[in-house]
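Undergrad: Show me the folded form of this:
(2 chains)
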Number of protein chains: 2
Amino acid sequence: MVRLPGPFTMRNGGVLPQVDVAYETWGRLSPQKDNVVLLVTGLSPGAHARSSAEDPTPGWWEEMVGPGQAIDTERFHVVCVNSLGSCHGTTGAASVDPRTGDLYRLTFPVLTIEDIATVAREAMHAIGLPRLRAIVGPSLGGMTALAYSMLFPQEVGALVSISGAARATPFAIALRSVQREAIRSDPEWRDGHYVPPGPVNGLRVARKLGLITYRSAAEWRERFGRERVKEHDGRPAAFALEFEIEAYLEMHARKFVGSFDPNCYLYLSRCMDIFDAADHGHGSVEAALATVQAADALVIGVETDFLFPLDQQEEIATLLRRAGRRVRFAPLASIQGHDSFLVDFDRFAPVIAEFLAEL
Amino acid sequence: MVRLPGPFTMRNGGVLPQVDVAYETWGRLSPQKDNVVLLVTGLSPGAHARSSAEDPTPGWWEEMVGPGQAIDTERFHVVCVNSLGSCHGTTGAASVDPRTGDLYRLTFPVLTIEDIATVAREAMHAIGLPRLRAIVGPSLGGMTALAYSMLFPQEVGALVSISGAARATPFAIALRSVQREAIRSDPEWRDGHYVPPGPVNGLRVARKLGLITYRSAAEWRERFGRERVKEHDGRPAAFALEFEIEAYLEMHARKFVGSFDPNCYLYLSRCMDIFDAADHGHGSVEAALATVQAADALVIGVETDFLFPLDQQEEIATLLRRAGRRVRFAPLASIQGHDSFLVDFDRFAPVIAEFLAEL
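TA: Got it, this is the predicted structure:
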């Protein structure tokens, strides 16, 4: 963890007197400090991308980061930071505001992707790693990596955008808005002033809907079809768990509740709606992406992703190429939708490994 | 309204002592009674498909049904029935159980598409119209029309299935399951024993998610893009309505709450999950659809529909054709997703008009 002295002024208003940033590292820093790869994450993961001596539990990208793996820790010094606004060690709505001694809760300022990128960058400077050989970000992290590359163009050597977007579609905004409403309309949310266990029902609904948007209809047809749960005797109560797909959602919702702070979920969810690369190009996404100076870019998207659809990845690739970057665009046929980067290593690992090997 | 004397035994168990069925009619019955077209509906509409002298308010398919329109009331005697389990005049969970004098609420038996079809058919017999020149059903009604055609093959001359399915996908089940959970986890639901206004928050979330599944990402990009609501001053509260797409969902959710009974919503939602045409073919959809005897069938689907996707329409068309029916399959390029039949009359009306004209 690194503590950034404040005050930190947020993009849409508000000030944080200080910011803690949780991070982890793997691999050895080169004497020239020219082998740094920064990972920025999706909504829910923390900085624990891979197991380590200090924390041997598997990380969220265990199969992708490590010695000899796609993001090769024999070659790169890999850093993963927990996003501003999250609840895994970095300052967010569930942290104590040192000015009051109370949790921020909804007094936390409006969070933007740019704030997340800026805090990650300040943390990298604070730990003495101001130059990135590459920044790698999936999902929300794809937006963060893009923002980082636009805001600090001289500090990023290569950009890897995975299932990200230059701005959210109204469809994605709608899906996230309903998730937030499920949390906010749970009476136990209490306008953010919940006491444990808090708005469990709302968070369950939000997580289930989130999961639906992270995978794909095609995958679920293959995995679940119309299979019934085992204990189902043919005449279930009308609305109890009956189908395997419902049991799958239930299992994942239970795992999520208690592991993620509801207010932090709201902030991180909303910041994806707000992000619009065009804000950095006087209203033009093309002009904004032309500010990126990374020499190389890899843009990966997935055919079955309907939350960050493939044409949004193609837009990023096309505009970066038009601006003179060397761009590899990799549309993948993964069946697991938006979350494919977390599971379909057979497709993702070679593409990322090859790109990084050629840097 | 017609009252069917009971008892009516439900497919998955349970008995209704009597069943009321709300219906409306348009056009003149031929002396031979051979010009009857039955409309069966989606989840939320009632029997008021078109305005009439008795009720001049616009119906849910005002533009499609009428003199000289696609479903031509100069030629056909059109009947629309409100589904069993609904709350617009037909018996459902919000009706009084005559055995107890109390509302059924969750004592209403598990509802199936077959029950809806059977009650519609008994109503048609009761009002003296046992032979259908055609049955027309969109969405849930497409499932009902298919069930009617399988259960009573000698009574259906032609089948028009619009954005229906032979069975629900796990993706559609998941999306509906989350809607039901939003209602059921609202404390005001009180296990079905709510008092007005009832589980308003849960129903709002359910309706918004429903709307998302009824339209398409492509339509919303065109209509809303990233437009902000007018009163938005650039620094909204973090989670208030900010985008036009959110205001659109809000407006529709407000209209729905108070107009639809939450328990009825649960029953009608679940019956779509349960429906599986293969139940009528010893586990084979193909064998089941081979029981349909309607000479002609029109199967319409929409490319942007992800709730009842196009390949499910194609399956119905292919299997009916294989079974010897004369089948027209019409995949439409409508941009409005599952709900296109309610709005894209330019594409739907000619296809339906031509099919009916050739009968």
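
Undergrad: Do I have it right that residue A:98 meets residue A:20?
TA: No - contact between residue A:98 and residue A:20 fails when scored by C-beta atoms under 8 Å: they sit 10.3 Å apart. To be clear about C-beta, it is placed using only N, CA and C from the backbone, and glycine gets the same treatment.

Undergrad: Now do stretch A:182-196, average pLDDT.
TA: What stretch A:182-196 shows for mean pLDDT is 97.

Undergrad: dump the residue contacts of the closest residue to residue A:105 other than its chain neighbours.
TA: Of all residues not flanking residue A:105 in the chain, residue A:192 sits nearest, at 4.3 Å (C-beta to C-beta, 6 or more residues apart in numbering or on different chains). Applying C-beta atoms under 8 Å, 6 or more residues apart in numbering or on different chains to residue A:192 gives the contacts A:93, A:105-106, A:263.

Undergrad: Could you rerun that using 6 Å?
TA: Residue A:192 makes contacts with A:105-106, A:263, as judged by C-beta atoms under 6 Å, 6 or more residues apart in numbering or on different chains.

Undergrad: Can you tell me the element the residue nearest to residue A:184 when sequence neighbours are not counted falls in?
TA: Spatial nearest neighbour of residue A:184, chain neighbours left out: residue B:239 (6.2 Å); criterion: C-beta to C-beta, 6+ apart. Using DSSP states H and E, residue B:239 falls within no helix or strand.

Undergrad: okay, now residue B:239: neighbour count?
TA: 20 (other C-beta atoms under 10 Å in any protein chain shown).

Undergrad: now it: how far from residue A:108?
TA: From residue B:239 across to residue A:108, the span is 12 Å (C-beta to C-beta, to the nearest Å).

Undergrad: next one: residue A:133
TA: Distance from residue A:133 to residue A:108, by C-beta to C-beta: 33 Å.

Undergrad: quick one, which of those two is more surrounded?
TA: residue A:108 (25 against 19).

Undergrad: Contact partners for that one?
TA: When contacts are counted by C-beta under 6 Å, 6+ apart, residue A:108 is found next to residue A:93.

Undergrad: now residue A:115
TA: Counting by C-beta under 6 Å, 6+ apart, residue A:115 makes contact with A:10-11, A:84.

Undergrad: and those residues as CSV, adding neighbour count, secondary structure and pLDDT?
TA: Output for those, formatted as CSV (neighbours: other C-beta atoms under 10 Å in any protein chain shown; DSSP: H, G, I helix; E, B strand; the rest coil; pLDDT from 0 to 100):
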residue, neighbour count, secondary structure, pLDDT
A:10, 19, coil, 98
A:11, 19, coil, 97
A:84, 31, coil, 98
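
Undergrad: Now flag whichever of the contacts of residue A:192 is closest to chain B.
TA: residue A:106 (7.2 Å; C-beta to the nearest C-beta).

Undergrad: Distance across stretch A:337-345, terminal residue to terminal residue?
TA: The first and last residues of stretch A:337-345 sit 13 Å apart, counting by C-alpha to C-alpha, to the nearest Å.

Undergrad: mind listing what's buried in it?
TA: By 16 or more other C-beta atoms under 10 Å in any protein chain shown, the buried positions in stretch A:337-345 come out as A:337-345.

Undergrad: Put together a markdown table for those, with distance to chain B and secondary structure on each row.
TA: Below are these laid out as a markdown table (distance: C-beta to the nearest C-beta, whole Å; DSSP: H, G, I helix; E, B strand; the rest coil):
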| residue | distance to chain B | secondary structure |
| --- | --- | --- |
| A:337 | 10 | helix |
| A:338 | 13 | helix |
| A:339 | 14 | helix |
| A:340 | 16 | helix |
| A:341 | 20 | helix |
| A:342 | 18 | helix |
| A:343 | 17 | helix |
| A:344 | 18 | coil |
| A:345 | 24 | helix |
